[in-house]
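Participant: predicted coordinates and the sequence they were generated for:
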Amino acid sequence: MAELNHTIVHSHDKRAGAAYLAEILDLKAPASFGPFLAVEVGGVTLDYAQFGGDVASQHYAFLVTDDEFDAAFARIVARGQTYWAGPGHQGENAINTHDGGRGLYFDDPSGHVMEILTVPYGG
């Protein structure tokens, strides 16, 4: 059975992007791997790469426990960062309750749309 091992995340500033994600999700500090800064998330590595041109916004969703959600949410709020209930920036500073869980979207330093959710879609 195949499983996702890693993906490359283009970033205006790979150090800022990798450190940001690690901080918000309370993960191990990013590790250098060749030209990348790698952030390990649940067995998959997000390899942040410096990219000089326009960075196309991507979406990354992270399934978290209720306690992890509360902690990440507190870090987002402490930064004074805007978050949304929907992926297209709908419902500013609101949390959604899809499928009986909680979820929210927030932008990383390069404009990628990050999501944390406590229940997978479809329940």
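Facilitator: Received it, and whenever you're ready, just let me know what you need. Numbering: from 1, shown residues only.

Participant: from now on I want contacts and neighbour counts done on CA atoms only, so please keep to that.
Facilitator: Will do.

Participant: tell me where the model's unsure across this protein.
Facilitator: Scanning the chain for pLDDT under 70 picks out 123.

Participant: mind listing the strands for the protein?
Facilitator: Counting by DSSP state E, one finds strands in the chain at the ranges 6-11, 31-33, 36-41, 44-50, 59-63, 103-107, 113-117.

Participant: which residues touch the first one?
Facilitator: Which is strand 6-11. Strand 6-11 is contacted from outside by 17, 44, 45, 46, 47, 48, 49, 50, 51, 55, 110, using Cα atoms under 8 Å, 6 or more residues apart in numbering.

Participant: with the shortest one instead?
Facilitator: Surrounding strand 31-33, the residues in contact under the criterion Cα under 8 Å, 6+ apart are 37, 38, 39.

Participant: distance of the last one relative to residue 73?
Facilitator: This points to residue 39. Counting by Cα to Cα, to the nearest Å, the gap from residue 39 to residue 73 is 19 Å.

Participant: the more surrounded of those two?
Facilitator: Taking neighbours as other Cα atoms under 10 Å, residue 39 and residue 73 compare with residue 39 leading, 24 against 21.

Participant: any idea what that one is bridged to?
Facilitator: Beta bridges link residue 39 to residue 46, judged by DSSP bridges.
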